[in-house]
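K.L.:
Any chance you could fold what I've pasted below:
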Amino acid sequence: MFRGKFLAALSAEHKNGQIARDPKAANSHWCQRQKQLYKHDWVVYAKAPLGGPVQVLEYLSRYTHRTAIGNERIRSTGEGEVAFTVRAKTQGGKRLHRMDGTEFVRRFLLHVLPSGVKRIRHYGVLASACMGKKLSAARLALQMPALNPQALESALAFMARVAKMDVGLCPVCKVGHLRTVEVLAGARQVPAPGATLWPQERGPP
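P.N.:
Sure, this is the predicted structure:
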């Protein structure tokens with residue numbers, strides 16, 4: 001159906017002379033190409049477009065800011081253990097798995113990157129070491145227009161403009177605003193493979 005409608009619209013544009021610089025504008029060449037297009041199998045992947053910038057941001061955030069486990073997988077917490085769903089290797093689907101709360105937190109913290117390690121890295125003109133100079137030179141060479149001021153806005157301003165959301169608002173009281181009171185220093189380097197990530201210290205008596 002898609003092939004038929006597409007080629008019908010293409011033929012209408014050809015008759016109206018709307019296809020500029022067509023290398024096969026002659027009738028004989030045109031008919032030959034149309035026959036080849038009809039014989040070829042068209043594999044069409046149609047997907048509903050995203051509803052707007054909020055949906056785009058939500059879609060991309062699943063990949064750029066994914067955590068060790070999503071909230072929808074955690075079924076219950078209490079009595080020193082956490083119950084969450086995992087993949088069932090034998091029978092397929094999902095199964096419920098229970099784990100000690102301390103072990104759950106330990107495994108969760110294994111996904112926290114040490115200080116200085118970035119989840120998303122850029123190379124070339126977008127690398128942080130040379131982006132200021134090389135990116136400007138690339139824009140000048142390509143005769144790109146000036147930067148849009150909206151592209152330079154902060155994440156707080158972007159969420160307020162696009163999602164109409166104040167991300168700094170306290171999610172509990174809905175009145176106060178969150179602010180950074182202290183930044184905890186992480187490890188200076190990534191531990192060697194197989195090394196103990198956390199020091200084995202004796203707990204309180």
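K.L.:
Tell me which residue lies farthest from the centre of this protein.
P.N.:
Seen from the C-alpha centroid of the chain, the residue lying at the greatest distance (CA atoms, centre = their mean) is residue 28, 47.9 Å away.
K.L.:
Does that one belong to a helix, a strand or coil?
P.N.:
helix (DSSP: H, G, I helix; E, B strand; the rest coil).
K.L.:
now do residue 95
P.N.:
At residue 95 the chain is in strand, as set by three-state DSSP.
K.L.:
could you list every residue that touches it?
P.N.:
Neighbour list for residue 95: 85, 86, 87, 88 [criterion: CB atoms under 8 Å, 6 or more residues apart in numbering]. C-betas here are computed from N, CA, C, even on glycine.
K.L.:
Of these, select the buried ones using a ChimeraX command.
P.N.:
Of those, the buried ones go into a single ChimeraX selection, burial set by 16 or more other CB atoms under 10 Å:
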select :85
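K.L.:
Let me know the closest of the contacts of residue 95 to residue 53.
P.N.:
Nearest to residue 53, judged by CB to CB, of those is residue 85 at 31.2 Å.
K.L.:
What residue spans form the domains of the protein?
P.N.:
The record's domain split for the chain, according to automatic domain parsing, is 2-39, 68-109.
K.L.:
Relative to residue 98, how far out is residue 76?
P.N.:
Per CB to CB, to the nearest Å, residue 76 is found 9 Å from residue 98.
K.L.:
residues shared between the contacts of those two?
P.N.:
Common contact partners of residue 76 and residue 98 (CB under 8 Å, 6+ apart): 82, 83.
K.L.:
Point out where this structure drops to low pLDDT.
P.N.:
150-152, 186-205 (pLDDT under 70).
K.L.:
List just the nearest of the contacts of residue 95 to residue 41.
P.N.:
For those, the nearest to residue 41 is residue 87 (35.2 Å; CB to CB).
K.L.:
In which helix or strand does the residue nearest the centre of the chain reside?
P.N.:
Nearest to the mean C-alpha position of the chain, counting by CA atoms, centre = their mean, stands residue 60 at 2.6 Å. In the assignment (DSSP states H and E), residue 60 maps to helix 53-64.
K.L.:
Give me the distance from that helix to the chain's centre.
P.N.:
Centroid displacement of helix 53-64 relative to its chain, using CA atoms, centre = their mean, to the nearest Å, is 6 Å.
K.L.:
Moving C-terminal from that helix, which element do we reach first?
P.N.:
strand 74-78.
K.L.:
could I get that following strand in CSV with only the CA atoms?
P.N.:
Taking Å, rounded to 0.1, in the frame of the first residue of the first chain, the C-alpha atoms of strand 74-78 are listed here in CSV:
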residue,chain,number,x,y,z
ILE,A,74,11.0,-2.9,42.8
ARG,A,75,7.9,-4.6,44.1
SER,A,76,8.3,-4.3,47.9
THR,A,77,10.7,-3.3,50.6
GLY,A,78,10.6,-4.1,54.2
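K.L.:
which residues are in contact with that strand?
P.N.:
82, 83, 84, 85, 96, 101.
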